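> Quick check, what structure comes out for this input:
(chains A and B)
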Amino acid sequence: MAEIPSVKEKYTGKIEEIVFGNCVAGGADGMPFLSFENTLKRRPMIAGEVVDDLTDYPEIAAEMFDGRQKDPVEWANMWKEIGADMICMRFPGAAPDKKGTTPDAAVSIVKSIAEKTGLPIMVTGCGIPDIDNKLAEAVGGAMKGTKIILGKTEEHEYKKISAVCVSNGHAVLAFSNLDINLAKQMNILLTDFGVGRDGITMDPLMAALGMGLDYSYSVNERIRLAALSGDRMLQVPMVCDCTGAWDVGDAVSTDDPSLGDAKHRVAWWEAMTALAAMLSGADILVMRGPGAADMARVYAEELTGVS
Amino acid sequence: MATAIEYFKLLPKTNCKDCGQPTCLAFAMLLANQKAKIEDCPHVSKESKAVLSESAAPLMRTVSVGTGGSAVEMGGETVIYRHERRFVNQTAYALTVCDDLEGKALEDRVNTVSALSFERVGMIFAADMISIKNVSGDPSRFAETAKAVSALWKKPFILETDDVSAMEKALEAVGKLRPMIYGAGPGNLDRMAALAKKHGCTLGIKADGPESAADLSVKAKAAGAEDLVLDLGCPNLKRCLEDQTVARRAAVKKKFKPLGYPLMNRVGCGEYAVAIAAVSTMKYGSLVIFDDLKNYEALPLMTLRQNIYTDPQVPIQVKQALYPIGNPGEHSPVMFTTNFSLTYFTVRADIEKSRIPVWLQIVNTEGLSVLTAYAAGKFEPEKVAEAFEESGVLSKTNGPVVVPGLVARMSGKLEEAIGRKVIVGTNESKHIPKHLKEITSQ
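Got it, this is the predicted structure:
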């Protein structure tokens, strides 16, 4: 037999491990799923998306949850039954032109989800900084002692949420817009602000399949390679939100029968986005569709060799 | 590929300028970027030339299937990650036609494969090849089916059988069309390699892991077949990812010639087959043969392939045109943005979210995004006015014309150029729905 030269890379860096109760995110010490160079202690986590307001939530997705999507706690519990590792609780309804979910109401939802599912939770707001900061403050304080992820923070809007995370032991979700340098800059800002190494998760924007996935795939790979090569400011778990797949016209369109069944198509659209995210370095995947989430989990288990 | 410094060491270092470059180092840098040929230097020594041609030899062989303009090329890859340099030849997808079909049934099957076609961002997505599979066990039948398919299917195809006599018979019938021969395994390698050599065809080798693939490729080469595609026999996602990574790294980083060939997978159909194809498309597969592929599987998979094989330095562009969204009418707003595909898709998705019909005019900015295009002078009010003129959008509607918030500065000039009031839109695409609701409710 021909002897194949060793292709194992020698990396000096390792991704930080963040502990959420019984779950751990991160810890990679080689490129994704390569058992000849990566210890592969665990597979990427699957976070099921729950929203407090269905106004902008696609109907084709809502139909898949048997009516349980009307109550966030029930919905989160359904995610647990499906096999999700984490709940991504979003509050688009906190915006004044929507339901107007108050910080107190958000606290009650998040606490109930934690009690009912026992799963770790990622909490994000409606995208309006003032409202999101108040929401994070209330939820972060109420959840002291149970580590959650709070977001999103951006380059010019990170101090309030970061302070809440530092004083209550939570992790920050650091968002950057498809750019390795911005991603690093965010982590430097947070570190300088006093956020510890077990308190940062990074979201470098996972563009969906056909919507710039090529950029995300390469930015993720470059981030992971730089982290493994020793750049400490990039050695944090990576969160990839794959739900953007549901915004792609070609994924959900029902106008053209030659494109095939839309439910199957959009499931694949999100699952392939998730596969690309995993192969390029994702540690936590945010998923919308139950079918796609299930595919992502099964493939992650198989690729890792760990369930 | 050698680096500029490695090239420089082999040059005369006289800075004679005979190559057209100011210095030998400048010439070396062009060589490293493959923008010059070593022959451009009239003074380079024979020894250096020999060393250079050795190091310039491709790390992975490029092979082709079929003839003329419709031939499919595979391999020729030079890097591990797509951010280093563009992946060269995109993964080819083949669908199976079994040789137990004949007449109308065969014609229907080929038509079904042909019908699997989509247009996306100005590109046609379709199956690249048909794999004619010998399930009948009858060599004559196999040859007849190959002949019948070749009359119906104008793209390249694959002859799939372990039976050397069936392969021989089919090649006698259609060998001139240069089908791919699949496959050669330990039991029939010499005879299959001889057929590949005789007909000038690419040979697919069925191996069991990277080591056996390396062994078999060396043997095939010794038997005279050099255009090879290696099937590592990956039974699952994990083996597909790891074994294909090993092969690619060995070929490209370690210059290990026995694995310096394109890789392929033979899968069935259904969810797991598509998952393997997706992993293979991202991680180093050049060909996937399916039993079958549904349209709702094919569109996402082919979109993935388009994304992975896009040149990271050349953004995907959409055509300058007027895109009506949601059946707009004579009072609907006009919006416009650049032809950078990412910008287009984002803006389009946010307009669709608003459920308000809009005329979206795309302006050719050579794939640059809004701010970059504006800074580079490729997104000027005159250009926007020209695009409006070309599409005639302003005669279709008297609705408001919305300027992207990031280029609000062009408002005055644009008003002059089109003779109509404009309003300034949002800086960020995600705020479009809210803004549209405001301006249309007035």
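> use CA for all of it now, contacts and neighbours both
Will do.
> Once you drop chain neighbours, what's closest to the residue of the stretch 51-200 of chain A found nearest chain B?
Using C-alpha to the nearest C-alpha, the single residue of the stretch 51-200 of chain A nearest to chain B is residue A:56, 7.5 Å away. Spatial nearest neighbour of residue A:56, chain neighbours left out: residue B:353 (7.5 Å); criterion: C-alpha to C-alpha, 6 or more residues apart in numbering or on different chains.
> how about the CA coordinates for the strand or helix carrying the one you found, as PDB?
Using DSSP states H and E, residue B:353 falls within helix B:341-354. What follows is helix B:341-354 as a C-alpha-only set of coordinates in PDB (Å, rounded to 0.1, in the frame of the first residue of the first chain):
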ATOM      1  CA  SER B 341     -26.300  40.100  -5.800                       C
ATOM      2  CA  LEU B 342     -26.200  40.300  -2.000                       C
ATOM      3  CA  THR B 343     -27.600  43.800  -2.000                       C
ATOM      4  CA  TYR B 344     -30.300  42.900  -4.500                       C
ATOM      5  CA  PHE B 345     -31.400  39.800  -2.600                       C
ATOM      6  CA  THR B 346     -31.400  41.600   0.700                       C
ATOM      7  CA  VAL B 347     -33.400  44.600  -0.600                       C
ATOM      8  CA  ARG B 348     -35.700  42.300  -2.500                       C
ATOM      9  CA  ALA B 349     -36.400  40.200   0.600                       C
ATOM     10  CA  ASP B 350     -37.100  43.200   2.700                       C
ATOM     11  CA  ILE B 351     -39.500  44.700   0.100                       C
ATOM     12  CA  GLU B 352     -41.300  41.300  -0.100                       C
ATOM     13  CA  LYS B 353     -41.600  41.400   3.700                       C
ATOM     14  CA  SER B 354     -43.500  44.600   3.600                       C
END
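> angle of the helix or strand just after that helix against helix B:341-354?
Sequence-wise, the next helix or strand downstream of helix B:341-354 (DSSP H and E) is strand B:358-363. Interaxial angle, strand B:358-363 versus helix B:341-354 (axes from the mean of the first three to the mean of the last three C-alpha atoms, to 10 degrees): 170 degrees.
> what about strand B:358-363, distance to the chain center?
Its chain's C-alpha centre and that of strand B:358-363 lie 28 Å apart, by C-alpha atoms, centre = their mean, to the nearest Å.
> do the same with stretch A:59-68
Distance, stretch centre to chain centre, for stretch A:59-68: 21 Å (C-alpha atoms, centre = their mean).
> about what we covered before: now for the helix holding residue B:353, which elements pack on it?
Using 3 or more C-alpha pairs under 8 Å, 6 or more residues apart in numbering or on different chains; DSSP states H and E, the elements in contact with helix B:341-354 are strand B:322-325, strand B:334-338, strand B:358-363, helix B:432-441.
> So which elements touch the longest one?
Helix B:432-441 is packed against helix B:341-354, with contacts defined by 3+ C-alpha pairs under 8 Å, 6+ apart.
> Find me the pLDDT at residue B:342, would you?
pLDDT for residue B:342: 83.
> just residue B:56 next, same as before
For residue B:56, the predicted pLDDT is 66.
> Where does pLDDT dip in chain B?
Across chain B, the ranges flagged by pLDDT under 70 are B:1-2, B:54-56, B:442.
> typo on my end, it should be chain A
Across chain A, the ranges flagged by pLDDT under 70 are A:1-2, A:307.
> Sheet-wise, list the partners of the top strand by length along it with their directions.
When chain A is parsed with DSSP state E, its longest strand is strand A:45-51. Next to strand A:45-51 in the sheet, as set by DSSP bridges, lie strand A:86-90 (parallel), strand A:284-287 (parallel).
> Around chain A, which positions in the stretch 201-350 of chain B sit nearby?
Listed as neighbours of chain A in the stretch 201-350 of chain B under the rule C-alpha under 8 Å from any C-alpha of the partner chain: B:210-212, B:214-215, B:237-238, B:241-242, B:246, B:249-250, B:254, B:256, B:275, B:278-279, B:282, B:294-297, B:299-301, B:303-304, B:307-308, B:310, B:312, B:341-342, B:345-346, B:349.
> on that earlier part again, name the surrounding residues that touch the helix holding residue B:353.
A:56, A:211-212, A:247-249, B:121, B:315-318, B:325-326, B:337-338, B:357-358, B:360, B:362, B:367, B:369-370, B:429-434, B:436-437 (C-alpha atoms under 8 Å, 6 or more residues apart in numbering or on different chains).
> do that again at 6 Å, thanks
A:211-212, B:316-318, B:429, B:433 (C-alpha atoms under 6 Å, 6 or more residues apart in numbering or on different chains).
> from these, which two are the most distant?
In those, the most distant members under the criterion C-alpha to C-alpha are B:316 and B:433, with 25.2 Å between them.
> what sits against the residue of the stretch 101-250 of chain B found nearest chain A?
Using C-alpha to the nearest C-alpha, the single residue of the stretch 101-250 of chain B nearest to chain A is residue B:238, 4.7 Å away. Residue B:238 makes contact with residue A:303 under the criterion C-alpha under 6 Å, 6+ apart.
> quick one: the helix or strand containing it to chain centroid distance?
Element membership of residue B:238, judged by DSSP H and E, is helix B:237-252. Counting by C-alpha atoms, centre = their mean, helix B:237-252 is centred 20 Å from the centre of its parent chain.
> Flag every buried residue along stretch B:376-395.
B:378-385, B:387-388, B:391, B:393-394 (16 or more other C-alpha atoms under 10 Å in any protein chain shown).
> nope, stretch B:194-203 is what I meant
Residues B:195-197, B:199-203 are the ones in stretch B:194-203 that count as buried (16+ other C-alpha under 10 Å).
> okay, the residues you listed in CSV with secondary structure next?
Listed next are the buried residues of stretch B:194-203 as CSV, based on DSSP: H, G, I helix; E, B strand; the rest coil:
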residue, secondary structure
B:195, helix
B:196, helix
B:197, helix
B:199, helix
B:200, coil
B:201, coil
B:202, coil
B:203, strand
